[in-house]
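Undergrad: Have a look at this prediction, sequence included:
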Amino acid sequence: MAKVRGAIKVDVEKCKGCGLCVVACPTSVIALSRDVNSKGYNYAYMEVPEACTGCANCGLVCPDSVIDVYRVKAGVEA
Amino acid sequence: MAKVRGAIKVDVEKCKGCGLCVVACPTSVIALSRDVNSKGYNYAYMEVPEACTGCANCGLVCPDSVIDVYRVKAGVEA
Amino acid sequence: MAEYRLMKGNEVIAEAAIRCGCDGYFGYPITPQSEIMETLMLRKPWEETGMVVLQAESEIAAINMVYGGASCGKKVMTSSSSPGISLKQEGITYIAGAELPCLIVNVVRGGPGLGTIQPAQSDYFQAVKGGGHGDYHLIVLAPASVQEMNDFVALGFELAFKYRNPAMILSDGVIGQMMEKVKLSEYKPRWTDEEIQKISGSWATTGKTPDRDYHVITSLDLDSAKQEIFNHKLIEKYKTMAEKEVRYETISCDDADYILVAYGSSSRICQKAVDLCREKGIKVGLLRPITLFPYPTKIIQEMAKRVKGFLSVEMSAGQMVEDVRLAVNGKVPVEHYGRLGGMIPTPNDVVKALEEKLINVK
Amino acid sequence: MAEYRLMKGNEVIAEAAIRCGCDGYFGYPITPQSEIMETLMLRKPWEETGMVVLQAESEIAAINMVYGGASCGKKVMTSSSSPGISLKQEGITYIAGAELPCLIVNVVRGGPGLGTIQPAQSDYFQAVKGGGHGDYHLIVLAPASVQEMNDFVALGFELAFKYRNPAMILSDGVIGQMMEKVKLSEYKPRWTDEEIQKISGSWATTGKTPDRDYHVITSLDLDSAKQEIFNHKLIEKYKTMAEKEVRYETISCDDADYILVAYGSSSRICQKAVDLCREKGIKVGLLRPITLFPYPTKIIQEMAKRVKGFLSVEMSAGQMVEDVRLAVNGKVPVEHYGRLGGMIPTPNDVVKALEEKLINVK
Amino acid sequence: MVEVKDIIKEENLVYTKSKILTDKVFHYCPGCSHGVVHKLIAEVIEEMDIQDKTIAISPVGCSVLAYNYLAVDWQEAAHGRAPALATAVSRLMPDKYVFAYQGDGDLASIGTAEIIHACNRGENIVIIFINNGIYGMTGGQMAPTTLEGMPTSTSPYGRDVKLAGHPLKITDLIAQLPGTEYVTRQAVHTPAAVRKCKKAILKAFQNVGKKNGTQFIEVVSTCNSGWKLSPVKANEWMVENMFPVYPLGDLKG
Amino acid sequence: MVEVKDIIKEENLVYTKSKILTDKVFHYCPGCSHGVVHKLIAEVIEEMDIQDKTIAISPVGCSVLAYNYLAVDWQEAAHGRAPALATAVSRLMPDKYVFAYQGDGDLASIGTAEIIHACNRGENIVIIFINNGIYGMTGGQMAPTTLEGMPTSTSPYGRDVKLAGHPLKITDLIAQLPGTEYVTRQAVHTPAAVRKCKKAILKAFQNVGKKNGTQFIEVVSTCNSGWKLSPVKANEWMVENMFPVYPLGDLKG
Amino acid sequence: MTEEIIIAGFGGQGVLSMGKILAYSGIMQDQEVSWMPSYGPEMRGGTANVTVILSDSRISSPILQEFDTAIILNQQSLDKFEKSVKPGGVLIYDPNGITRHPVRKDIKVYQVDATEEALKMKNAKIFNMIVLGAFLKLKPIVKMENVIKGLKESLPPRHHHLIPLNEEAIKKGIEIVKQFSVN
Amino acid sequence: MTEEIIIAGFGGQGVLSMGKILAYSGIMQDQEVSWMPSYGPEMRGGTANVTVILSDSRISSPILQEFDTAIILNQQSLDKFEKSVKPGGVLIYDPNGITRHPVRKDIKVYQVDATEEALKMKNAKIFNMIVLGAFLKLKPIVKMENVIKGLKESLPPRHHHLIPLNEEAIKKGIEIVKQFSVN
Ligand SMILES: Cc1ncc(C[n+]2csc(CCOP(=O)(O)OP(=O)(O)O)c2C)c(N)n1
Ligand SMILES: Cc1ncc(C[n+]2csc(CCOP(=O)(O)OP(=O)(O)O)c2C)c(N)n1
Ligand code: SF4
Ligand code: SF4
Ligand code: SF4
Ligand code: SF4
Ligand code: SF4
Ligand code: SF4
Ligand SMILES: [Mg+2]
Ligand SMILES: [Mg+2]
């Protein structure tokens, strides 16, 4: 049985750290970094990458369109 | 038994001959004169004065407020 | 002969618009110019040339429709009279700031406020100095006859497109309401999409095709340094206009001691005043500015070297006279004679004013 | 000391309005002047003095609310910045035409169109020559400091009521946004009904009582002859203003060879430029018009007899310079130096312009 | 038999011009509805004895000169802006009876924003809205309320709803604004209608005393000049054509 | 166990920025709804392949610079007048997809007359109406749609409906105009809402091709800066406070 | 040749269209013409007037204070314009409704009973053509054929069948105009 | 005495209020002051700066191209304003987030680690007061008592309990500011 796995790529320099993706993620993948980018924003990143299903919810709500979402069908894990 | 009798006084110089009083009168008292006033209007007058009941309908509809209406209770006529 | 028609100035504006290939008219009724839209509605040019004619909900909507239409590279116009033109000021400065061509007709009536519906020339400052905010100018044409009401529609559009700048026909109740014989222009077809591409393809919002970047029509630049560069560009444009586009007419000026300066309907009255003066043996000439912006400053400067004085005759409290004074710059006296509030000067009035203010001054 | 406050020019306008007994403010937000209404809303003067403060649906509604309030003999005002002021032009000419007192504040930003929200002085023509149609003028006051933002509110109302004419404070983004120390005015109570009767009882629409005829506030007269008489009355009023109400400041003018003419924030920069010039040994003075209408023409005419030239410094493409030229009337050179689009000249810029345009000219 | 001269005596007078009306002759065309409505307002002011408390705002439209006819204090608004003036007056002098008198071009076209927002704010004013489906004053151009197919000088072939949209029922929108208390549609084409309309105006003015919101009275009217009909025919045409689109009656309150 | 780097490959890309969006970084505050709506419009234009047929009108408001972000031809309107520009464009170039993007101050305050009349005429345009209940751009002043009691910089103690009137439900009025074909109220606070909103925008643009009237989409939005809340809290506040007054769903069509 | 004319009367008497036909006639014979109406707000009733100029040379002012001919159709207009006729000029008026007749002796005064004649001809619409006829009798500045051409130009084609009737009316005017002696 | 200062950083760093307190302090000691902010559309993020002038005499231009002191709180502002310090003038900056440090040798450059210190003091809001302290150390143009008075005037009464904390922060700034040697 195939399980869906996903990942996101955040354009860190353009992320404004609004946190909307964080709450939109059904599997709590995303967090805001403690570091800031050059504009002073705490950008988003995958804190729990393995939980990502590639559902694209984060991308949908991101006001700055800085999230690319990827998805693969992966084999069942142990 | 008392019957109501009425009469109207039209300010002839100010009447514009619109004819609205003519159609408003339930007893067809009013007509427009063939003569004109100094502004060139065929003014209204009581053509059938005896039919007037003093109901004031003509006064109500007159856009130029040029009709005074009078009313008396008169004895029964033969 | 048969080619001449007897028409009102206002009707002619409408007819000329259709014939010069105007794409759209957007207006709101107001006396003394409502015949422009009425004539258009009667003529139904949408069936003939495809020209759009729309009665807007207000003058503000109308001028902003013009703004939208002009942004597409279309030949669009509006018309109104003084109060309506005041309402259009924001829109006009936007259009000037976005460097868009369009035609605005003001058939002036007496003010201020609701004033009167009779003819006046008291919107000169508004038209020429800029009634809206910011440093901009309109190209301002002042027709003095019904024939010029015809001619200046095409001319206005021509100049507007040449300079990407709004043009105004500053007329008044006399020229708008009077009938004269007029030779209407030949029909010119509306521009095709291809022609619009050729003429305005570098900026018009006609839809972003793959072969070009997308176009933005705006008057905004939050970066003041860039905004200043843009302002200088406008100044340069106005200078070019001043060099190339000044138009005026002179009547009996060659040997004149005194010059009447008058535009539009006043100039018609002054023409007769010139005749009256000449009959009296006073050497008077008439300078009739046709473009009020750019203003015929140079010819006035030249005349100032040889004449004894200027009288600016306007149906206003003294507006254009400032431009005459600025040109004359103190060389000889410049006076003003005006009637106000819808009153129209008579040729005799003008002669009398000339004598009192300039000739019989010790 | 304790009486001084550190406040923005805009905030001071609001505070001064409350303190001078203003009855009503009607406005619509726009940068860089929104603090005026915001300060009022925070201050809630309706609880304190009964002053009405209303955010209107637009600038057009706001100026017409002012029109309605002014018709009642009330001290009412509005404020906006350039695009909003353009929208108010119809209302303004109605108010001028109905001879009503009111106060209009324009915190000018760069244009034309949407332009920029940075400071500019490019609305001079609009304010002074009349952006609306018809022959009318506003009383125009040009504050150059936060203190004057305070002072000119009461002064503006005073003049407005004295002449039954709208007054305008022509400020800009610098004066509106900057903080300086300011001594606020003492509180004056709002006029009582009795006081309004005394001041404006002959014309204000306060309700027709049996002892007087009913009052009509209008700018309309369909009879041109009467309208002309009315226009002449306005002209006379403006003449009286020109005789009695001209205000200006001179700095180091007595021995000056060259005069900088500048108002509002430009005058602040020119003050420093005067110092720089004097350091260099160039005898320069500053004439700062405080009233832009009526304009300080006479003092300029006098100065023109003894100085070598004038430089009009404005954050515009050259507007006030025309009034300087009209006053100087060719006696000595008059030049203009301006920055545009929200840019602000530096004192050094001004010195350089003076040298290039006037001093080092062969 | 009673003679006319015996009836026409001071003591028998049962109907005459309101004292609030001045002696000036209306400039309106013969038969124009404006005159009837003016009269009704005058009567209401007289009956309520509020001449000294009434501030009237006239529009730009045929009724621009209304201030010549009612002896109350008047302000002449800019075209479409009467509600803005009325707003300020009512706020600055809350005990006055402020009414704005507007035509359909004035109220429903150029002045759309002002009327909607004054009504939405619930300004304590009376709006008298004369809907004659045309721009009377300027020579009979199309108004927002002009009926489908109705010819005017700017719709000489009849209003084409594809080009100009449908007649705007602005009163229906106004009625939905929480700021309005009383919204009604009346007419003055018959004595009965005149009586009803007067009652509505009276109610509106009385409500102003209670300060519960905006009072809005549309009067479906004729412009016989603009319609190019005789006054009598104009009334008939109105009943037949205007009433179906603008049905009379209270919409609210 | 699949590694992230194995997933992040061109061929696995399932969601990315629309090609209609330019590379410029939005000037909007972090979390601003404007960004989401921009994206959806871009996606619709891309999917419908109408970049060359789209003419966009931006308002004066925070989205004044929208023209920096969508690679279509743009016109920057005067405050409140976008529907007038759109009217002219659509009439002069009837085969274009014309949309006007407006804020609540722009559309429901200063531009009330223009939006009502464009919708009443049934102009063949799409209106995207961002209702964030505040004037974002100018620093958070009260809008006509500001909720009762909601503090703004010009209602610092909360909107007092006695002084300022009730929030104006302009969309409800618009829905009643015969000129509108499709009127809907959407939001973009959750992925599901974003998906729905996009469908609405798509439908509106598709309808324009059929030329049956005006398409009107209100997007109930946040202005976290003006509201002085974090983006996440702003969404919560919106659900709790805005939705009861501005309930989501289709009003017409 | 320049002829400066004022035509004045009630709105609805056809003052403006009479002027228009006259002006068109001038164009038909290659003259310069101008037609300048008074105008006001759109209300039925009230007075109307139009200044018509026909000239062989360029017309300067279309607005005049003095006229070669005044054509007067009601009392108000007579009161207003009698004094504006140039000495030696012509005043033509319809005496219907006139209570105060012309008094100037330095001009030529004529009467045309056009109202009555129109009533007789049972067509109020030709009233102004009768008046025009009167004018043409006294000032034959345009040829009848050009008037007919002018009529054709100024009437919409659907009204061209009325031209003979109009011509008849003009002729009636020519016939009935008579001098009025001021005493 | 005239001191011309620019304070520049991110919006939200308290740039404007620091300037305001400084200006108020000047008023407290009877000086002329001006405070001129940069302003833009209302959007979170972006940079902010304010020009503050304190002087014993009337202030002419409130807008300046050169400054006695520049107080710099982010990289963009450093890039923009370093060159605007008068020769011999002072530049104070917080090195947090700065990658390209000052290079001018004709001015005096100082660092104040205010970000870090504010973190330590667990109160981001006093960041700007630490910076103010640094400035006052180097340019003691206003007396501490007047700064406190200035704080009182510029803070709404409900925030007056924070004044001691602010004072502490100012003192911290005075303590930690250190010269930075450009090489
Ligand atoms: C700003 C402005 N635009 C246009 C006009 C011209 N105007 C005067 S009245 C009017 C419309 C009148 O129509 P309506 O409001 O329906 O009143 P009515 O005359 O029918 O009673 C117009 C367009 C004006 N005076 N001012
Ligand atoms: C004529 C005019 N008035 C006022 C302004 C100032 N102004 C700019 S945007 C705006 C309101 C913005 O609010 P909204 O439309 O709700 O858009 P948002 O910023 O909330 O997206 C105002 C009043 C202006 N630019 N022009
Ligand atoms: S939603 Fe977008 S901008 Fe906001 S934190 Fe997530 S990635 Fe960054
Ligand atoms: S794609 Fe879905 S699961 Fe993955 S981070 Fe985004 S919202 Fe979370
Ligand atoms: S009072 Fe009545 S009956 Fe008498 S005339 Fe008038 S309407 Fe007729
Ligand atoms: S209604 Fe009045 S104006 Fe009309 S005809 Fe009768 S009396 Fe005369
Ligand atoms: S034009 Fe129409 S509205 Fe105006 S007065 Fe005449 S009938 Fe009445
Ligand atoms: S101010 Fe409000 S609407 Fe504007 S960008 Fe920021 S969050 Fe968005
Ligand atoms: Mg009407
Ligand atoms: Mg908003």
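TA: All right, it came through fine. Numbers count the residues shown, from 1 in each chain, chains lettered A, B, ... in the order given. Ligands and ions are numbered 1, 2, ... in the order given.
Undergrad: Just want the residue of the stretch 201-350 of chain C that's nearest chain B.
TA: Closest approach between the stretch 201-350 of chain C and chain B, counting by Cβ to the nearest Cβ: C:G342, at 24.3 Å. The way it works is simple: take the backbone N, C-alpha and C, and place the C-beta from them, glycine included.
Undergrad: tell me which element that residue is part of?
TA: For C:G342, there is no enclosing helix or strand under DSSP states H and E.
Undergrad: how many neighbours does the nearest residue to it once chain neighbours are set aside have?
TA: Once flanking residues are discounted, C:G342 sits nearest to C:Q118: 2.7 Å by Cβ to Cβ, 6 or more residues apart in numbering or on different chains. Number of residues near C:Q118 (other Cβ atoms under 10 Å in any protein chain shown) recorded here: 26.
Undergrad: so C:Q118 makes contact with C:D172?
TA: No. Between C:Q118 and C:D172 no contact is recorded; they are 9.3 Å apart, counting by Cβ atoms under 8 Å.
Undergrad: Any idea how far apart the tips of stretch C:97-115 sit?
TA: 30 Å (Cα to Cα, to the nearest Å).
Undergrad: what number of residues lie near C:P210?
TA: Other residues lying near C:P210 total 6 when counted by other Cβ under 10 Å.
Undergrad: What of A:V4?
TA: 12.
Undergrad: Name whatever forms a beta bridge with it.
TA: On the basis of DSSP bridges, A:V4 is bridged to A:K73.
Undergrad: Settle this for me: it is touching A:R71, isn't it.
TA: Yes. In this structure, A:V4 is within contact of A:R71 by Cβ under 8 Å, at 6.1 Å.
Undergrad: Now do the shared contacts for these two.
TA: Shared contacts of A:V4 and A:R71, defined by Cβ atoms under 8 Å, 6 or more residues apart in numbering or on different chains, are found at A:53-54.
Undergrad: C:D349 touches C:R339, doesn't it?
TA: Yes. Contact criterion Cβ under 8 Å: C:D349 and C:R339 qualify, at 7.3 Å.
Undergrad: So between these two, which is more surrounded?
TA: C:R339 (25 against 18).
Undergrad: nearest spatial neighbour of that one, skipping sequence neighbours?
TA: Using Cβ to Cβ, 6+ apart, the nearest residue to C:R339 is C:P345, at 4.5 Å.
Undergrad: So which residues on chain G come close to chain C?
TA: G:20, G:23-24, G:27-28, G:30, G:32-37, G:39-42, G:59-63, G:65, G:153-154 (Cβ under 8 Å from any Cβ of the partner chain).
Undergrad: For A:E77, give me the pLDDT.
TA: According to the prediction, A:E77 has pLDDT 49.
Undergrad: Quick check on E:V219: phi, psi?
TA: Main-chain dihedrals, E:V219, degrees, to the nearest 10: phi -120, psi 110.
Undergrad: That one - how many residues pack around it?
TA: 25.
Undergrad: Can you flag the buried ones in the residues of chain G next to chain C?
TA: G:20, G:23-24, G:27-28, G:32-37, G:39-42, G:59-63, G:153-154 (16 or more other Cβ atoms under 10 Å in any protein chain shown).
Undergrad: partner strands of the strand or helix carrying C:E249, parallel or antiparallel?
TA: Assigned by DSSP H and E, C:E249 belongs to strand C:248-251. Under the criterion DSSP bridges, strand C:248-251 sits next to strand C:284-289 (antiparallel) in its sheet.
Undergrad: Does anything pack onto the helix or strand just after the partner strand? Which helices or strands?
TA: The element immediately downstream of strand C:284-289 (helix or strand, assigned by DSSP H and E) is strand C:291-293. Identification of packing neighbours for strand C:291-293 by 3 or more Cβ pairs under 8 Å, 6 or more residues apart in numbering or on different chains; DSSP states H and E yields strand C:139-141.
Undergrad: Next up, the contacts around the residue nearest to E:C223 when sequence neighbours are not counted.
TA: Leaving aside its sequence neighbours, E:C223 sits nearest to E:N132 (Cβ to Cβ, 6+ apart; 3.9 Å). Going by Cβ under 8 Å, 6+ apart, E:N132 touches E:33, E:103-104, E:143, E:221-223, E:226.
Undergrad: so after the host helix or strand of G:G88, what's the next helix or strand?
TA: Element membership of G:G88, judged by DSSP H and E, is strand G:85-93. Downstream of strand G:85-93, the first helix or strand assigned by DSSP H and E is strand G:108-111.
Undergrad: Mean confidence (pLDDT) on that following strand, please.
TA: 97.
Undergrad: Name the residues that touch that strand?
TA: So strand G:108-111 is in contact with G:88-95, G:102, G:134, G:138, G:177-182, going by Cβ under 8 Å, 6+ apart.
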